[in-house]
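Student: Quick one, what's the 3D model for this:
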Amino acid sequence: MSKYEDVVNLALRRSIFFPSSEIYPSAPAGMFDYGPYGASIKRKVVDIWRKELVQKENFLEIEGAQIMPVDVFKASGHLKSFNDPIVKCSKCNSIYRADKLLGEKTGKEFPEAMPVEEYDKEIKANNIKCPKCKGSLNKTVLFNLMVKAELGIKSMVDCFLRPETCQSIFLDFSRLNKTMRIKLPVGISQVGRSFRNEISPRQTLLRSVEFSQMETEIFFDPDKIDVIENFDEVKDYEISIQRQGSHGVELISAGKLVEDKIVSGKLVAYYLARVQQLYEKYGIPLDSMRFREVSKDDRAFYSKETWDFEVKTSVGWLELIANNYRTDFDLKGHMQASNQDMQYVYPDGKKLIPHVYEISIGVDRTFYAVLEHSYKEEKKKDEKRIFLSLPSGLAPISAAVFPLLSNKPEIVKKSKKVYDLLNSCYEVFFDSSGSIGKRYARMDEIGCPFCITIDFDSLENDDVTIRERDSTEQKRVKIKDLQNALFMLVTGMKKIKDF
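Tutor: Got it, this is the predicted structure:
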């Protein structure tokens, strides 16, 4: 099996994530639920983003509505331009994305924005038939990905589920500008659900209809794109870059990106660095990360400059983040459509429509990338050990507490006291079911970094055994020191060998 299949099998076995409404055969594809451990890991992915990016950069955070009126998406251009090229089989009526079908056949990349006539020429030139029945394919057409929602009783109001979280940020900019006394540059962030009517949802979380995004829109004066207060902090920090037309990845410092005019200015280089640092916190190795420069033909319709942040996985390079320089496209469009003044006014009276730099992060894809990179298998003799080597900050629980023997009341009583002691300040789990080996295995598979066992010696010495997940090394620690010891371990200030 591929590593992707191993991760999905583990996710299903431990209810980390699984198909939504799965008891009904009518359930649509592309929807997934997260179980207790998956929901915890996903929440911590968001928590680290909030701490490392939103809070440290002093961004404002909002929570916008998921349903918006049609006028929003007329102004944003989504009703006209948010399309995928599709082809339909003339024989079995199967539907495919034309760019993906061509890519799988030829091994080349085809831009989504390529004219439909060009797709038809390429399909004919490569003699592509329906993969299912080998029937001929109809002409390529554009399919809008918006998901419609009608509201109202007496009169229906045409609305859509948002296809991205950013539009409410643009709509709210004018109010926040007035009420929050913002100064440019300013980032406005939110995390929430988005919806796209995917033509062929597949690969579980990697291409789904309903998904989560962590979005930041940074509003700035384009004349001051090089005025970045903390730029010296990242000036010499090397960023993994793949230039347009290049097949290799280069490590280029943020300062060099600006000096050689590879990016539009210091603001772009600064946030490329901050994003890469965020994913290092997620445990993604540097050689598995890259910012790929996107060509004009393949960029979103609103973008002047795009760097797709991708992580290498068993299914190839997976796009997790769109880093877009959106110029003043969004604010200008909503300003014209709504007849509302959305300009920023400096204290000296100067007015401008701010430009926007976007960091749009796919939460579910990030979640998957974290799982795959943390998935480990070890073989010892005839046994295979599977564990998730998650950073402690992403683990669903900090530690598990085990009584060595569940039929010894004195050990169970002592174990529950240890559990109560730790549960006041950590996420801990109590388990007395099955052999100690099976309990270790269950915790390893969900990424719990430490297991604490209470045995007969604990009754006499008032201590416990702490086992570390990755190394399986064990050390005895006094119960009176346990809270502090676990803090040192969870924060990485000490390793188990240091005790």
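Student: any idea how far the residue most central in space within the chain lies from His247?
Tutor: The residue lying closest to the centre of the chain (C-alpha atoms, centre = their mean) is Val363, at 2.6 Å. According to C-beta to C-beta, to the nearest Å, Val363 stands 29 Å off from His247. For glycine as for every other residue, the C-beta is placed from the backbone atoms N, C-alpha and C.
Student: How about the contacts made by the closest residue to Ala29 other than its chain neighbours?
Tutor: Residue nearest to Ala29 in three dimensions, not counting chain neighbours: Pro201, with 4.4 Å by C-beta to C-beta, 6 or more residues apart in numbering. By C-beta atoms under 8 Å, 6 or more residues apart in numbering, the contact set of Pro201 is 29-30, 207-209.
Student: For PyMOL, write the selection for the buried entries among those.
Tutor: To isolate the buried members of those in PyMOL, using 16 or more other C-beta atoms under 10 Å:
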select buried, resi 30+207+208+209
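Student: Which member of the contacts of Pro201 is positioned nearest Ala400?
Tutor: Ala400 lies nearest to Ser208 out of the contacts of Pro201, by C-beta to C-beta, at 31.1 Å.
Student: so the closest one touches Asp364, yeah?
Tutor: Yes. Between Ser208 and Asp364 there is a contact under C-beta atoms under 8 Å: 6.6 Å.
Student: Are there residues contacting both of those two? Which ones?
Tutor: What both Ser208 and Asp364 touch, as defined by C-beta under 8 Å, 6+ apart, is the set Phe32.
Student: Break this structure down into its domains, please.
Tutor: Taking automatic domain parsing as the reference, the chain has its domains at 3-79+149-373, 83-144, 397-498.
Student: Ser389 is nearest to which of those?
Tutor: domain 397-498 (5.4 Å).
Student: Measure how far that closest one is from the centre of its chain, please.
Tutor: 31 Å (C-alpha atoms, centre = their mean, to the nearest Å).
Student: Average pLDDT for it, rounded please.
Tutor: In this model, domain 397-498 has a mean pLDDT of 94.
Student: Now do the end-to-end distance for that domain.
Tutor: 22 Å (C-alpha to C-alpha, to the nearest Å).
Student: Equivalent analysis for stretch 443-454, please.
Tutor: Stretch 443-454 stretches 16 Å from its first residue to its last (C-alpha to C-alpha).
Student: The helix or strand containing Ser194 - contacts with which helices or strands?
Tutor: Secondary structure from DSSP states H and E places Ser194 in strand 186-195. Other elements packing on strand 186-195 under the criterion 3 or more C-beta pairs under 8 Å, 6 or more residues apart in numbering; DSSP states H and E are strand 60-61, helix 166-179, strand 210-220.
Student: what stretches of the stretch 251-400 of the chain score poorly on pLDDT?
Tutor: Scanning the stretch 251-400 of the chain for pLDDT under 70 picks out nothing.
Student: so what's Ile436 up against?
Tutor: Contacts of Ile436 by C-beta under 8 Å, 6+ apart are 402, 404, 453.
Student: Phe73: which of the residues you listed is nearest?
Tutor: Using C-beta to C-beta, Phe402 is the member of the contacts of Ile436 that lies nearest Phe73, at 53.6 Å.
Student: Quick check: the closest one vs Ile454, distance?
Tutor: Counting by C-beta to C-beta - Phe402 and Ile454 are separated by 7 Å.
Student: Now the common contact residues for these two.
Tutor: Ser415.
Student: Which parts of the stretch 101-250 of the chain are strands?
Tutor: 141-144, 147-151, 157-161, 186-195, 210-220, 238-242, 250-253 (DSSP state E, counting those that start in this stretch).
Student: The first one pairs with which strands, and in what direction?
Tutor: Looking back up the chat, that one is strand 141-144. Strand 141-144 pairs in its sheet with strand 83-88 (antiparallel), by DSSP bridges.
Student: Same question for the second one.
Tutor: For strand 147-151, sheet partners with direction are given as strand 157-161 (antiparallel), following DSSP bridges.
Student: The partner strand: which residues count as buried?
Tutor: Buried residues in strand 157-161, counted by 16+ other C-beta under 10 Å: 159-161.
Student: do stretch 17-33 as well
Tutor: 17-18, 20, 30-32.
Student: about what we covered before: please work out which of the helices and strands packed on strand 186-195 is packed deepest.
Tutor: Highest mean neighbour count among the helices and strands packed on strand 186-195 (mean count of other C-beta atoms under 10 Å): strand 210-220, with a mean of 23.
Student: pLDDT averaged over that strand, what's the number?
Tutor: On average, strand 210-220 scores 97.
Student: what's the angle between that strand and strand 157-161?
Tutor: When axes from the mean of the first three to the mean of the last three C-alpha atoms, to 10 degrees is applied, the directions of strand 210-220 and strand 157-161 differ by 90 degrees.
Student: and strand 210-220, what other elements does it pack with?
Tutor: By 3+ C-beta pairs under 8 Å, 6+ apart, strand 210-220 packs against helix 36-49, helix 166-179, strand 186-195, helix 266-281, strand 355-362, helix 363-374.
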